[in-house]
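Student: Got a sequence here, can you model it:
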Amino acid sequence: MAVVDFKGIGALVSDDRMSFECLWGLLGNKSCPWCGSREFYFMGGKRLRCRGCKRDFWPLGGTRFSLMNISCSDWLSLVKLFELSISARKASVDVGLCYKTTLRAYDIMRRTIAEELAGDDDALLGELEADEAYYGGKRKGKRGRGSGNKTIVYGILERGGRVSVSIVSDVSAESLMTETIKKVRRGSIVYTDKWKGYDSLMFCGYKHLNIDHAHRFKQGKVYINGIEGFWSFAKEMLIKYHGVSKKKFLYYIKEMEWRYNNRRKNLYGELIEFLLKEKT
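Tutor: Okay, here's the model as predicted:
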């Protein structure tokens with residue numbers, strides 16, 4: 001399914017029938033599942049009635065748009081506001097839905113993004129940068145590696161390409177190598193800082209070069225400024241939520257991965273494409 005550039009968004013989201021027909025059209029199947037007729041009555045919501053056999057059906061019933069009982073126009077409005085990084089609280093006011101309903105729609109979108117990313121098995125390759133970041137708010141005591149009660153996110157960035165992030169329990173060599181082997185093609189060059197957990201890279205089929213941040217941040221091509229740029233991007237986006245629960249944090253950080261990797265693409269169209277797939 002091609003990603004659609006939804007122009008005229010204001011008109012589209014204000015009309016439920018137009019919104020429904022747009023989504024239905026993207027599914028590609030415009031015939032009755034029982035008699036094959038291609039003529040229908042629009043019955044409101046997400047329901048059609050066949051002019052031939054007079055039976056009702058829900059063409060969006062198997063998609064993630066069916067996970068909530070809100071109109072198609074409300075759905076498209078929320079997708080647009082989510083794309084623009086408008087908070088769920090403000091979006092609830094803009095669309096005229098209660099906050100709880102809007103937050104659930106946002107949760108569905110974040111979960112959908114995470115599920116789509118989990119199904120992407122394209123390996124990272126070439127020159128890569130690896131690093132970890134620690135999330136969990138301000139606490140007294142040690143910062144960075146060794147800090148307690150923090151969520152540890154391990155990131156690998158393909159120079160000139162994508163970033164991939166995952167939550168790890170610790171920064172031991174075993175944890176870091178397990179995630180690296182899952183995502184990075186053997187033979188790639190991996191740049192890191194001097195943390196000892198990365199020393200095993202050379203024994204796992206990678207060329208490993210590191211930089212000692214105690215003395216310098218760049219030495220020729222040996223640096224990790226790219227992945228650190230992603231951490232800055234993610235933290236700047238996440239700070240406006242004033243704290244994210246550990247239970248939902250994975251979905252938020254995977255959203256940041258998706259936004260970063262597709263920052264020059266039509267996020268609105270791609271997210272609609274995701275939501276039109278069958279729910280899992």
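Student: what's the spacing between residue 15 and residue 105?
Tutor: For residue 15, the distance to residue 105 under the criterion Cβ to Cβ, to the nearest Å works out to 19 Å. Just so you know, the C-beta spots here come from the backbone N, C-alpha and C atoms, and that holds for glycine as well.
Student: Just want to know which of those two has more residues nearby.
Tutor: Neighbours around residue 15 and residue 105, counted as other Cβ atoms under 10 Å, are more numerous at residue 105. The numbers are 26 against 13.
Student: Tell me who's in contact with that one.
Tutor: With Cβ atoms under 8 Å, 6 or more residues apart in numbering as the criterion, the residues that contact residue 105 are 68, 70, 75, 78, 88.
Student: Could I get the full set of strands for the stretch 151-280 of the chain?
Tutor: Counting by DSSP state E, counting those that start in this stretch, one finds strands in the stretch 151-280 of the chain at the ranges 151-158, 163-168, 189-193, 207-211.
Student: for those strands, which one sits closest to residue 39?
Tutor: Shortest distance between residue 39 and those, using Cβ to Cβ, is found for strand 163-168: 47.1 Å.
Student: Can you read off the pLDDT for residue 25?
Tutor: At residue 25 the predicted local distance difference test score is 85.
Student: Could you do the one 10 residues further on as well?
Tutor: For residue 35, the model assigns a pLDDT of 92.
Student: Report the secondary structure state of it.
Tutor: Assigned state for residue 35: coil (three-state reduction, DSSP: H, G, I helix; E, B strand; the rest coil).
Student: Just to check, it is in contact with residue 54?
Tutor: No - Residue 35 lies out of contact with residue 54 (Cβ atoms under 8 Å); the separation is 9.5 Å.
Student: So for stretch 268-280, what gets flagged as buried?
Tutor: Of the residues in stretch 268-280, those buried by neighbour count under the rule 16 or more other Cβ atoms under 10 Å are 268-276.
Student: Over to residue 32. Which of the three states is it?
Tutor: State at residue 32, reduced to three classes by three-state DSSP: coil.
Student: And for it, nearest residue in space, chain neighbours not counted?
Tutor: Leaving aside its sequence neighbours, residue 32 sits nearest to residue 50 (Cβ to Cβ, 6 or more residues apart in numbering; 4.2 Å).
Student: what about the one you found, distance to residue 224?
Tutor: Separation of residue 50 from residue 224 (Cβ to Cβ) stands at 59 Å.
Student: again, but for residue 31
Tutor: Using Cβ to Cβ, we find residue 31 at a distance of 54 Å from residue 224.
Student: Beyond the helix or strand bottoming out on mean pLDDT in the chain, next helix or strand please.
Tutor: Taking mean pLDDT, DSSP states H and E as the measure, the chain has helix 9-14 as its least confident helix or strand, at a mean of 54. Reading on from helix 9-14 to the C-terminus, the next helix or strand found by DSSP states H and E is helix 16-27.
Student: Can you name every helix or strand that that next one contacts?
Tutor: The helices and strands touching helix 16-27, judged by 3 or more Cβ pairs under 8 Å, 6 or more residues apart in numbering; DSSP states H and E, are helix 9-14, strand 40-42, helix 72-83, helix 267-275.
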